[in-house]
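Q: output the structure for:
(2 chains)
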2 protein chains.
Amino acid sequence: MENNLNNIKSKNIYWHEGDISREDRQRQYGHKSACIWFTGLSGSGKSTIARKLEEKLFERGVKTYVLDGDNVRHGLNRNLGFSHEDRTENIRRIGEVAKLLVDAGLIVMTAFISPFREDRRNVRNLMKEGEFIEIFIDATIETCEERDPKGLYKKAKAGEIKEFTGISSPYEEPEKPELIVNTTEEADININAEKILKFLEENELLD
Amino acid sequence: MENNLNNIKSKNIYWHEGDISREDRQRQYGHKSACIWFTGLSGSGKSTIARKLEEKLFERGVKTYVLDGDNVRHGLNRNLGFSHEDRTENIRRIGEVAKLLVDAGLIVMTAFISPFREDRRNVRNLMKEGEFIEIFIDATIETCEERDPKGLYKKAKAGEIKEFTGISSPYEEPEKPELIVNTTEEADININAEKILKFLEENELLD
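A: Residues are numbered from 1 along each chain as shown, chains lettered A, B, ... in the order given. Below you'll find the predicted structure:
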């Protein structure tokens, strides 16, 4: 059991009686909390970059968590399909969970295609100023089709998957994302994760 | 920024390349992660005890979070009503979010009436063995009516609230909760929170 109480006392920080606030947690954890929202086509590299970034943050003692299809679609959102209404509800719930994790003091990363501007804007509006960091993982559709790690583009082109983003359903690029990472131009995961880490440092999220 | 990397290295712990696991987090945070599920009548003291326990855990450097009506009903579950179906979905979503928070390495506490055994059992089944700690906050209906902090019993008795647990809707007591805290017999919040803290210590969750 690490004894953070001593750390806190040594910094002359005392929390008020009663509820532990987000600010109390941020002080104890030694970093700001925020939601890093990755958006981009399937195969653009969202999840891979998020996991690599998480590794780097974890090494620095930052409290983090990644929400992606693996832990959300089979759990919280397993009663949602892929209709427009359900996609919107999918993103809404992810946004609300991300908000809870931010309140818990974590730097939470979300890796979902989230193709619609309005859905992303609604999540941004849930958060406080500066807490929502939208990162556009930009890659050409050709790059994504070439990678096609799950064979989804192939199926979409064969008509086996309906309303597939980039093929038969639109992807609305962010108009003013906090950061753009182009994985067609630079495919190295480590370099891309470092770029984001630098952004977080420059924006004083890590101290 | 606290440097937990040094702490980890000094313990000869190295995480594998790739995804950060729940076990990696538990090692770094210095405690197990778990879901402490409070159940009991409205006014029994669930939320108050959860907040007091959170304060004590926070003082010890434990990473925690409390889910309750305040942060869930107006957010994630704001599109749910109080029909039986919606109540079940309410508890299901809370269970899934709790599971994510446990995966993130936290000791998460939930403070919801959660009156139905089946709903609570479903949440227990989401978690791994030993991760779900059901605590029955036991109080007589008379105690709860007397406290009635939100004036809900008064409204329920006047028929202004339909299907109110304990008045017009059943509360199914846990059959084998991990712990029972009786707040009719002992109303002191501090003593009750300490009792739970002792339970967590004895079950080696805090080291």
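
Q: what's the angle from the longest helix along chain A to helix B:84-103?
A: If you go by DSSP state H, chain A has its longest helix at helix A:84-103. Compare the direction of helix A:84-103 with that of helix B:84-103 by axes from the mean of the first three to the mean of the last three Cα atoms, to 10 degrees and you get 50 degrees.

Q: is chain B contacted by helix A:84-103?
A: Yes - interface with chain B: helix A:84-103 contributes A:89, A:93, A:96-97, A:99-101, A:103 (Cβ under 8 Å from any Cβ of the partner chain). From N, CA and C alone the C-beta is placed, and that goes for glycine too.

Q: for that helix, packing partners?
A: If contacts are counted by 3 or more Cβ pairs under 8 Å, 6 or more residues apart in numbering or on different chains; DSSP states H and E, helix A:84-103 sits against strand A:34-39, strand A:64-68, helix A:69-72, strand A:107-111, helix A:117-126, strand B:64-68, helix B:69-72, helix B:84-103.

Q: report the mean per-residue pLDDT for the helix or strand hosting residue A:192.
A: Using DSSP states H and E, residue A:192 falls within helix A:189-202. Per-residue pLDDT over helix A:189-202 has a mean of 97.

Q: buried set for it?
A: Buried residues in helix A:189-202, counting neighbours by 16 or more other Cβ atoms under 10 Å in any protein chain shown, are found at A:192-193, A:195-197, A:199-200.

Q: could I get the residues you listed as CSV with distance to chain B?
A: Formatted as CSV, the buried residues of helix A:189-202 follow (distance: Cβ to the nearest Cβ, whole Å):
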residue, distance to chain B
A:192, 16
A:193, 13
A:195, 20
A:196, 16
A:197, 13
A:199, 16
A:200, 11
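
Q: ok, back up a step: mind listing residues that contact the longest helix of chain A?
A: A:22, A:33-35, A:37, A:65, A:67, A:72, A:76-77, A:80, A:108, A:110, A:112, A:114, A:116, A:119-120, A:122-123, A:126-127, A:131, B:65, B:67, B:71-72, B:75-76, B:79, B:93, B:97, B:100-101, B:104 (Cβ atoms under 8 Å, 6 or more residues apart in numbering or on different chains).

Q: hmm, 7 Å instead?
A: A:22, A:33-35, A:65, A:67, A:72, A:76-77, A:80, A:108, A:110, A:112, A:114, A:119, A:122-123, A:126-127, A:131, B:71, B:75-76, B:97, B:100 (Cβ atoms under 7 Å, 6 or more residues apart in numbering or on different chains).

Q: before we move on, what about stretch A:169-186?
A: For stretch A:169-186, the surrounding residues in contact (Cβ under 7 Å, 6+ apart) are A:39, A:41, A:44-45, A:49, A:115-117, A:133-140, A:143, A:163, A:165, A:192, A:195-196, A:199.
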